[in-house]
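Engineer: here is the input, now give the coordinates:
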Amino acid sequence: MSTLVLSAFADEAATDLQTQLKALSALDRVSEIGQALGMRNIRQFSFYPPQANTTANRYVDQAITRLERLIGLARRKDALLFLENEMGVVGDSLFRCYRLMRSLVGDYFRFLWNPANFVRVGSRR
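Structural biologist: Below you'll find the model as predicted:
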């Protein structure tokens, strides 16, 4: 199996159903492309908080719910999602990544650690 990882998307801040369906549709398309190329690994970022300059801590549960839907689609498509920590999204700090990881890691969902992004957001441990 190829080790190439396709990049998916970081979703917009909106929380409405239309935006969530758009995220599922984009993942569905990326997984189809991956299947055609013989790849099942998809790099995914978590979601931006709905309001800029607010603490992302209060949006972790919402991100978990949204990522669970994406993981369900990945399972049906036999794709493997890799969530990368990225500055500015809910999954950027060590604390929030730990919460996401503890809730979601399984057969179709893993973490892709980028240590430089933890430094950028001020995580030290």
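
Engineer: could you list the low-pLDDT ranges of the chain?
Structural biologist: Scanning the chain for pLDDT under 70 picks out 1-16, 52-54, 125.

Engineer: helices along that one, start to end?
Structural biologist: 17-37, 60-77, 94-104, 115-120 (DSSP state H).

Engineer: export those to CSV and tack on distance to P50?
Structural biologist: Backbone N, C-alpha and C define where each C-beta goes, glycine included. Converted to CSV, those look like this (distance: least, C-beta to C-beta, whole Å):
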stretch, distance to P50
helix 17-37, 10
helix 60-77, 9
helix 94-104, 15
helix 115-120, 21
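
Engineer: redo the ones you listed as a markdown table? Include distance to P49 and mean neighbour count.
Structural biologist: Shown next, in a markdown table, are those (distance: least, C-beta to C-beta, whole Å; neighbours: other C-beta atoms under 10 Å):
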| stretch | distance to P49 | mean neighbour count |
| --- | --- | --- |
| helix 17-37 | 14 | 14 |
| helix 60-77 | 9 | 17 |
| helix 94-104 | 11 | 17 |
| helix 115-120 | 16 | 13 |
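
Engineer: any idea how far Q18 is from R76?
Structural biologist: Using C-beta to C-beta, to the nearest Å, we find R76 at a distance of 21 Å from Q18.

Engineer: got it, and D92?
Structural biologist: Taking C-beta to C-beta, one finds D92 at 25 Å from Q18.

Engineer: contacts only, for W113.
Structural biologist: E84, N85 (C-beta atoms under 8 Å, 6 or more residues apart in numbering).

Engineer: now do the phi/psi pair for it.
Structural biologist: phi -80, psi 130 (degrees, to the nearest 10).
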